[in-house]
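S.K.: For reference, the sequence and a predicted model appear below.
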Amino acid sequence: MKQRLLFLGPPGAGKGTQAQRLAAREGLLHLSTGDLLRAEVQAGTPLGQEAEAVMASGELVSDALVLAIVRSRLEHHAGGWLLDGFPRNLPQAEALESLLTSLQQRIEQVILLELDDSVLIQRLLARGRADDNAEVIANRLQVYRQQTAPLIAHYESQGLLRRLDGAGSIDAIEERLASMLVD
Ligand code: ADP
C-alpha cells in the first residue's frame, strides 16, 4: 500500500472526505492545509488573521505561510502521510519537493479527483461553508484552473498521477481509491 500521497482536484471534488477516510483506515497523517488554516482563523492567531480575508475571497494565501504549516507537521513525522489541498501551485510543488528531499522522503502517488463543474458547484453550495457562496466559488474554480491545474501535467510527467472519478457514492469512490493504491 502506498504511504505518501497527494490528493489533487478542484474544490468540492471530495478530497477531504476521501483523504480523511483513507488516513483513518491506514493510520496515515492527514494534512489538509484548508483545515489547518481554518483552525488558525478560528483561534485568532496572527497567522489566522493574515489568512482570513484571503480565504474569504477564494484566493490563495501566501506560499511561505502554507509551506511553514506543512513543514512543521512533516518534519517530526516518521510515518506515512496524505496531503490534501497542498501543493496548490507550481512554486508550492517545488518547495514541497525540496522539503521532502531534505527529509529523505518522496511522493509515491498523486490522486486526481475529477468531477464536472456543475456537480462541484452544487456540492459546495449545499455545504455552505463561509467561502461557499456563488461568487467566491466561481473565483475558487478559476484559481484552481489557473494555478492548481498545471500540477496535473507536472505530476503526470513524473509518472505519479492517477485519475479517480469523483462521481458516485462516497463508499464507491473509497473502494475505487483503495484499489489504486495497492502496490
Ligand atoms: P477547497 O478544497 O474546498 O477549495 P480548502 O479547504 O482546501 O478548500 O481551502 C480553502 C481555502 O484555504 C482556499 O481557498 C485558500 O484560500 C486557502 N488554502 C488552502 N490550502 C492552500 C494552499 N496550499 N495554498 C494557499 N492557500 C490555501
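M.R.: Structure received. Residues are numbered from 1 along each chain as shown.
S.K.: contacts, neighbours, all on C-alpha from now
M.R.: OK.
S.K.: per-residue confidence at residue 128?
M.R.: On the pLDDT scale, residue 128 is placed at 89.
S.K.: Nearest the middle, which residue of this structure would you pick?
M.R.: When the chain is reduced to its mean C-alpha position, the closest residue under Cα atoms, centre = their mean turns out to be residue 85, at 1.9 Å.
S.K.: Residue 32 is in contact with that one, correct?
M.R.: Yes: counting by Cα atoms under 8 Å, residue 32 is a contact partner of residue 85 at 5.8 Å.
S.K.: Kindly provide the distance from the nearest residue to residue 87 once chain neighbours are set aside to residue 123.
M.R.: Take residue 87 and drop its neighbours on the chain: the residue closest to it by Cα to Cα, 6 or more residues apart in numbering is residue 93, 5.2 Å away. Noted for residue 93: a distance of 27 Å to residue 123, by Cα to Cα, to the nearest Å.
S.K.: name the element residue 107 belongs to?
M.R.: For residue 107, there is no enclosing helix or strand under DSSP states H and E.
S.K.: how about the nearest residue to it, chain neighbours excluded?
M.R.: Leaving aside its sequence neighbours, residue 107 sits nearest to residue 4 (Cα to Cα, 6+ apart; 5.4 Å).
S.K.: List phi and psi for residue 112.
M.R.: Main-chain torsions, residue 112, degrees, to the nearest 10: phi -100, psi 110.
S.K.: So in terms of bridging, what pairs with it?
M.R.: Beta bridges link residue 112 to residue 8, residue 163 when assigned by DSSP bridges.
S.K.: about what we covered before: quick check: pLDDT value at the residue nearest to the centre of the chain.
M.R.: 95.
S.K.: can you pull out the strands in this structure?
M.R.: Using DSSP state E, the strands of the chain run over 4-8, 29-32, 81-84, 109-114, 161-165.
S.K.: All the helices of the chain, residue numbers only.
M.R.: Listed in chain order, the helices of the chain (DSSP state H) span 15-26, 33-43, 46-57, 63-74, 90-102, 117-127, 134-143, 150-157, 170-180.
S.K.: Those: which one's closest to residue 108?
M.R.: Closest to residue 108 of the helices of the chain is helix 150-157 (Cα to Cα; 10.7 Å).
S.K.: Let's see that closest one as CSV, backbone CA atoms only.
M.R.: Taking Å, rounded to 0.1, in the frame of the first residue of the first chain, the C-alpha atoms of helix 150-157 are listed here in CSV:
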residue,chain,number,x,y,z
PRO,A,150,-0.9,22.9,-14.1
LEU,A,151,0.2,20.5,-11.4
ILE,A,152,-1.7,17.7,-13.3
ALA,A,153,0.9,17.8,-16.1
HIS,A,154,3.7,18.3,-13.6
TYR,A,155,2.9,15.0,-11.8
GLU,A,156,1.9,13.2,-14.9
SER,A,157,5.3,13.8,-16.4
